[in-house]
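>>> just coords:
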């Protein structure tokens, strides 16, 4: 089992910045990918950014050039630096990871509880 805890959300004005953090704990040895998703009320959960253990990262089209995902493997933490925030970035942000377990025969997906990011003047 892996537990994910997000931090760093809050209220920010348009054009501002926030950095989200996600700490993974528990059986973290099998984690091979981590990422961030977001969801608005009544909407689907959309991918914001993902990063593999070797550092390859990719982003949703709406955040390219504004958001940066990074990780600190030693700290089992993934970050999402969000710059140039817009009102449409307002959402509940979820941390996610994929883990190989059972000797690699099983892939599990874990989610954090979510953290609110509100962009408003």
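Cool, got the structure. Everything quoted here is computed from the prediction, not taken from an experiment.
>>> Let me see the backbone angles for the spatially most central residue of the chain.
With distances taken as CA atoms, centre = their mean, residue 36 lies nearest the centre of the chain, 2.3 Å away. Per-residue torsions, residue 36: phi -130, psi 140 (degrees, to the nearest 10).
>>> Now it: closest residue in space that isn't a chain neighbour?
Leaving aside its chain neighbours, residue 36 sits nearest to residue 48 (4.3 Å; criterion: CB to CB, 6 or more residues apart in numbering). C-beta here means a position set from N, CA and C on the backbone, and glycine is covered the same way.
>>> before we move on, what about residue 93?
residue 38 (4.8 Å).
>>> ok, now residue 7?
Closest residue in space to residue 7, ignoring its immediate chain neighbours: residue 21 at 5.0 Å, by CB to CB, 6+ apart.
>>> Give the partner strands of the helix or strand harbouring that neighbour in its sheet and their orientations.
Element membership for residue 21, per DSSP states H and E: strand 18-26. Sheet pairing of strand 18-26 (DSSP bridges) gives strand 2-7 (antiparallel), strand 77-82 (antiparallel).
>>> ok and the helix or strand where residue 109 lies relative to strand 18-26, angle-wise?
Here residue 109, judged by DSSP H and E, is contained in strand 106-111. Here strand 106-111 points in a direction 140 degrees away from that of strand 18-26 (axes from the mean of the first three to the mean of the last three CA atoms, to 10 degrees).
>>> packing partners for strand 106-111?
With contacts taken as 3 or more CB pairs under 8 Å, 6 or more residues apart in numbering; DSSP states H and E, strand 106-111 sits against strand 2-7, strand 91-101.
>>> any idea how far residue 118 is from the nearest residue in space to residue 117 that is not next to it in sequence?
Distances taken as CB to CB, 6+ apart place residue 9 nearest to residue 117, at 4.9 Å, with adjacent residues excluded. As judged by CB to CB, to the nearest Å, residue 9 and residue 118 stand 8 Å apart.
>>> Look at the two and report which has more neighbours.
residue 9 (19 against 15; other CB atoms under 10 Å).
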